[in-house]
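>>> Fold the stuff below for me.
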Amino acid sequence: MCRTKTYGDALETLLTALNLVKQEITIITDLIASDASAGESITLAKKIVRPRQDELIAKAEIIVRELRQLVAACNEKQTAH
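Reported below is the predicted structural model:
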């Protein structure tokens, strides 16, 4: 595993971003589950989740892409040595 400060900082930033996405999903899930009947949950899901879904997926895809680039860069550095 690559242990340079630059890679560590990049990984820490990506993990923080991923945690923020996770927190948003948790908040949305809690809102839907909070004392709502099944019908209310569906209504809340339509109003809250659907508009945010594409944004959250896009954020997660960016994080995954950045993590892959970080791993590739780390592997290249190790191969060079």
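>>> So what's the residue count around residue 63?
For residue 63, the neighbour count with other Cβ atoms under 10 Å is 18. (Each C-beta comes from the backbone N, C-alpha and C, glycine too.)
>>> Point out the other helices and strands that the helix or strand containing it packs with.
According to DSSP states H and E, residue 63 maps onto helix 50-80. Applying 3 or more Cβ pairs under 8 Å, 6 or more residues apart in numbering; DSSP states H and E, one finds that helix 50-80 makes contact with helix 5-33.
>>> how much does the helix holding residue 63 deviate in direction from helix 5-33?
In terms of direction (axes from the mean of the first three to the mean of the last three Cα atoms, to 10 degrees), helix 50-80 departs from helix 5-33 by 160 degrees.
>>> and stretch 23-38, what's its mean pLDDT?
For stretch 23-38, the mean per-residue pLDDT is 74.
>>> now residue 79: how far from residue 70?
Distance, residue 79 to residue 70, by Cβ to Cβ, to the nearest Å: 15 Å.
>>> Count the neighbours of residue 76 for me.
Residue 76: 10 neighbours (other Cβ under 10 Å).
>>> ok now the helix or strand bottoming out on mean pLDDT in the chain, how far from the chain's centre?
Ranked by mean pLDDT, DSSP states H and E, the weakest helix or strand in the chain is helix 38-44, scoring a mean of 71. Averaging C-alpha positions (Cα atoms, centre = their mean, to the nearest Å) puts helix 38-44 25 Å from its chain's average.
>>> CA atoms of that helix as CSV?
Extracted as CSV, the C-alpha positions of helix 38-44 are listed here (Å, rounded to 0.1, in the frame of the first residue of the first chain):
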residue,chain,number,x,y,z
ALA,A,38,-46.8,3.7,4.5
GLY,A,39,-48.6,6.3,2.4
GLU,A,40,-46.8,9.2,4.0
SER,A,41,-43.4,7.4,3.5
ILE,A,42,-44.1,7.0,-0.2
THR,A,43,-45.0,10.6,-0.5
LEU,A,44,-41.9,11.7,1.4
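>>> Check which helices and strands it sits against.
On a contact count with 3+ Cβ pairs under 8 Å, 6+ apart, helix 38-44 meets helix 5-33.
>>> in the helix it packs on, what's buried?
For helix 5-33, burial by neighbour count (16 or more other Cβ atoms under 10 Å) applies to 7, 10, 11, 14, 17, 18, 21, 28, 32.
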